[in-house]
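Participant: below: sequence and its predicted model.
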Amino acid sequence: MDSGNGTKRKAGKPQSINNMMACDPEIQTEIKNLFSKVRTYVKPLSGEWHIPDPNVALRHPAEEHCELQALKVTLNAVKNQLSDKNVQVWHQHTNSTNRAGKVIAAVRSAANAEICTQAWCKFYEILGTFNPFPQEALQNGELNTVHLCEAPGAFITALNHYIKTRKSTRYCDWSWAANTLNPYHEANGGSTTIADDRLIANTLPWWFFGSDNTGNIMVQKHLLELQVFVSNMQRVDIVTADGSFDCQENPDEQEALVASLHYCEVTAALLLLNPGGSFVLKMFTLYEHSSVCLLYLLNCCFRSVSVFKPATSKAGNSEVYVVCLNYDSKEAVRPLLSKLIRNYGPHMANQEALFPNALIPESFLKQHEEVCVYFHTLQVETITENLKLFEEINTEQRQRLEHIRDCTAQEYLQRFQVSFLPRSRWISRNMVSPACCSVATTRPLGQKKQTGSFNERRELQTLSWRERIERGCHGAWVQRHCTEAGGTGCVLEGLLSKCHVESWYVIIGAALPAVRNSPFCDGGLLNHLNEALIETVVDWNSVPSCGSCPVVCTASILSDVTSTFTLKGDSDGNKKKRHCLVFGSRSVWGACESQFGDLVLTFSAEPSFPQKGCIMLHDGEPLYQQQLLGCVVFSLQTLTSGDALLLPVFAALTRITAAIVLCLHVCFRSVTFRCPPPLGVVGSVLLCVDFCPEAAGRILPFLTNVHNHMSQLLRAEDGLSKTQSDRQVLQFVPMEELLTGGLTEFLWTMNSEIIHRKLHLLMQS
């Protein structure tokens, strides 16, 4: 399906499956139940469910509900039987027993769906089951939606598919906005940030990351900024919230760990939605007092609240979706909402209870307990069955499972009228930024994958960082000695002509505390390096080199520079001397200058290493970035046509350093690197050959302006303006351009070499 619009395929049931379902009432019942895992709260006619007085909110300690806590204990006891199971083997097993396990493949084949993941199928199922579109929106032909914690964007693409293939919504004028933890913000941790940016990279103007650029929706000012961000929408009709944290290392407390996030998501929805709107919230178990309060509040604010377990949500996990329809208490909730906003933040659920237990009606608590018992039973039954089948599954059981899986996939296509959508109607094909036509989608996404059993992973955390590396998938590679200089054969060739400097802009946000995440390197490697740096006192100026790894000599690098030149003669036929600006020591580089008669070296001071206290910032330290960009600006101002540049870099993990490499690609016909630099043990040196002044002239004014921004912020840090001391330039080239062409592959290769050598040296020290 990579070419054209794909091939249309009908979604009808094969005759054999039709016959099988008709002949087997047991299978029919099982599949019907699979798509009917829902419980809806029923409000008493007495009207006793109402929003409590805001004055009593967030003033009392949380209380445990004994019946619900008993459910938690028994569920955790069942889940603890999985602690010794290898997670990959167990997932493979549960994937094979998952009744809806073939739905994704069937949808991909029949529907040509964009970002067709499990999340896509779950939300499409929610749309088809509940029809959450407000009648007013359909009548007006205008639909506005906001999606919280949305990466990678499958809810949005599922909604797009649904709208464009249904008669009732086909002609709606649909606008959307989304929020998620920014996958490009270097301080966002890899365990909480979704690296899959297939949709984000092509639709960046529709994504809200807040004034500090992190995208953290749990920051109070971001909530108010989001309200402004969507203010161009006449009304907000649907809000979805699909957020969670990685709780696999503490699964027993998943509900408590995500409780504050759920509070923030609910507060945002109540603030943004217009009357009549719908809200879809992912939750897990509902046993804690925080969940009881939240569900009660939602029932007070919406006319219909259902807890739904989609068929396409793996039956053995705790995930459920709370589907709230017809928001009817916007004015009534406003006083409480003001208090929620004042207390908004990452610790909302860790403070006082939203409501005291005494204010929650017994009629609600009874219904809520019934809901919890229902989903508890389903989950326990599934885990118990999977454990039994894990020990032994016979041929007849396997065949029956496969029949049910086939039937379920076809039932899904039929039940939800899944239709083909041409690729030309995908979101990423319609909303690509003018700065880029095709963002690269071939780079690895670097998501953290669990390995081993839970018990083994817990034991791993007690080991030293060296032992964790040795046992991990990178161990052999890190310990292997290098055989040649890193970077040989990795080249950015030709001037980068497709740069849209007129659309470049500066993003200033909160100063980076550390670089924990990068789209330009393997996330697992970066995690290993950061763990090593936390547990090791390192001075890169004094770390001894490895005696078994090759040392890159200056003569070799200068030879590579001269061999890359296209030597031209003057009018008398004599070879014209070429100039090379070197940021480094004359004592290091100048000793072998005489060996290259056609090359004239000029020297300038190189950027200083990041300060010792900033060791986990890597190339993200503001002073280092300012000096590095200053070197580039100086180079573009002084070099002449055909000249070369040798520029050492500490790493290129951040958007700033990546943009600097892109700028060099714009101005030089050849850019490569050698790792490590001569007489150095860390970082790399960029070899930039055949300078083009005309290309440099296009970007030099903008780079000068960026450099001035950096300098001003550094002066503010020195005490001239304390209001700006916590700010930093985070980006100046749009991500669409940084992720285009061969730049990402070049940076990925260079950063891998740098991190490998750092870890290699630390392992031996």
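Facilitator: Received, thanks.

Participant: can you name the element that comes right after the longest helix seen in the chain?
Facilitator: Assignment by DSSP state H gives helix 362-391 as the longest helix of the chain. Of the helices and strands lying after helix 362-391 in sequence (DSSP states H and E), the nearest is helix 395-415.

Participant: quick one: list the elements packing against the helix or strand that that next one is followed by.
Facilitator: Using DSSP H and E, the next helix or strand after helix 395-415 towards the C-terminus is helix 427-430. Where contact means 3 or more C-beta pairs under 8 Å, 6 or more residues apart in numbering; DSSP states H and E, helix 427-430 is packed against helix 154-165. Placement of C-beta: from N, CA and C, glycine included.

Participant: please compute how far the helix it packs on lies from its chain's middle.
Facilitator: 20 Å (C-alpha atoms, centre = their mean, to the nearest Å).

Participant: ok, back up a step: check which residues of the longest helix of the chain are buried.
Facilitator: By 16 or more other C-beta atoms under 10 Å, the buried positions in helix 362-391 come out as 364-365, 367-369, 371-372, 375-376, 378-380, 382-383, 386-387, 389.

Participant: can you show me the CA trace of the helix or strand where residue 267 lies as CSV?
Facilitator: Per DSSP H and E, residue 267 falls inside helix 259-272. What follows is helix 259-272, C-alpha atoms only, in CSV (Å, rounded to 0.1, in the frame of the first residue of the first chain):
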residue,chain,number,x,y,z
ALA,A,259,-4.5,9.4,39.1
SER,A,260,-3.1,12.9,38.9
LEU,A,261,-2.9,12.7,35.2
HIS,A,262,-6.5,11.7,35.0
TYR,A,263,-7.5,14.6,37.3
CYS,A,264,-5.7,17.0,34.9
GLU,A,265,-7.3,15.4,31.8
VAL,A,266,-10.8,15.7,33.3
THR,A,267,-10.2,19.3,34.4
ALA,A,268,-9.1,20.1,30.9
ALA,A,269,-12.1,18.5,29.3
LEU,A,270,-14.6,20.3,31.6
LEU,A,271,-12.8,23.6,30.8
LEU,A,272,-12.7,23.1,27.0
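
Participant: who are the packing partners of it?
Facilitator: Contacts defined by 3+ C-beta pairs under 8 Å, 6+ apart place helix 259-272 against strand 142-148, helix 220-229, strand 238-241, strand 278-283, helix 289-301, helix 330-342.

Participant: hmm, back to that, what's the angle from the longest helix of the chain to helix 289-301?
Facilitator: Per axes from the mean of the first three to the mean of the last three C-alpha atoms, to 10 degrees, the angle that helix 362-391 makes with helix 289-301 is 120 degrees.

Participant: now helix 362-391 against helix 395-415, angle please.
Facilitator: For helix 362-391 against helix 395-415, the angle by the same axes, to 10 degrees is 130 degrees.

Participant: quick check: mean pLDDT across helix 362-391?
Facilitator: For helix 362-391, mean pLDDT is 97.

Participant: show the contacting residues for the spatially most central residue of the chain.
Facilitator: Compute the mean C-alpha point of the chain, and by C-alpha atoms, centre = their mean the closest residue is residue 194, 2.2 Å away. For residue 194, the contact set (C-beta atoms under 8 Å, 6 or more residues apart in numbering) comprises 151, 152, 180, 181, 183, 447.
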